[in-house]
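**Student:** Just need the structure, nothing else, for what follows:
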Amino acid sequence: MILAALIGTTSIAIFIFQTTNNSSIALSEQWIVTDVVDGNTLTVRQTDGSQMQVQLCGIDVLEVKQDKALGQPLANEAKQKLQSLVAAADSQVIIIPVQKNSEGRTVAEVMAHGKDDMEISFQEEILKSGLAKIHESGIKCPNHSAFEQAQKLAIASKAGIWKQSN
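**Tutor:** Residues are numbered from 1 along each chain as shown. The predicted model follows:
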């Protein structure tokens, strides 16, 4: 079932990617993370040496300027969570590009192979931790419904940004 979902997601991503004329970005499982910029941005390199910045599709990580009281600690936690996901994946990630944003970054779903070769969605893990919330930017991520479920888990467990009643 997971394999079927991954194949479906990849097919959707390829279709979306081809229709947006972004053929310069290769779909590949050979991306290596070279830097975790913040809680939702990575710099990755392909085996041929090409690099790009990737923004995690569908999530919004609290920034310092959004809420000075909560922003710094949660922004740091989100970055640390992303760093730990990258470390657990030995820096090897699967990039499913969705489109380019206005800053030229590739907006993508990011996954890695976990235990027993199960795919781990970085977005879902950050959402479940309550370190981000779903970002409704008009960009439709292939696994949006899974992200909604991950956020519901965080809300129910009052994790991270959901600790406060408002």
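**Student:** Next, Gly39: phi, psi?
**Tutor:** Dihedral pair for Gly39: phi -70, psi -10, per degrees, to the nearest 10.
**Student:** in stretch 146-161, what's buried?
**Tutor:** Ala146, Phe147, Ala150, Gln151, Ala154, Ala159, Gly160, Ile161 (16 or more other Cβ atoms under 10 Å). (Each C-beta comes from the backbone N, C-alpha and C, glycine too.)
**Student:** The first one against Glu125, yeah?
**Tutor:** Same thing as Ala146. No: counting by Cβ atoms under 8 Å, Glu125 is not a contact partner of Ala146; they are 11.1 Å apart.
**Student:** got the CA coordinates for the helix or strand hosting Ile95 in PDB?
**Tutor:** In the assignment (DSSP states H and E), Ile95 maps to strand 92-100. Output in PDB follows, covering the C-alpha atoms of strand 92-100 (Å, rounded to 0.1, in the frame of the first residue of the first chain):
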ATOM      1  CA  GLN A  92      20.300  11.100   1.500                       C
ATOM      2  CA  VAL A  93      16.800  12.300   0.600                       C
ATOM      3  CA  ILE A  94      14.100  11.900  -2.100                       C
ATOM      4  CA  ILE A  95      13.000  15.100  -3.600                       C
ATOM      5  CA  ILE A  96       9.600  15.300  -5.200                       C
ATOM      6  CA  PRO A  97       9.500  18.800  -6.800                       C
ATOM      7  CA  VAL A  98       6.200  20.600  -7.100                       C
ATOM      8  CA  GLN A  99       7.200  24.000  -8.400                       C
ATOM      9  CA  LYS A 100       9.600  26.900  -8.000                       C
END
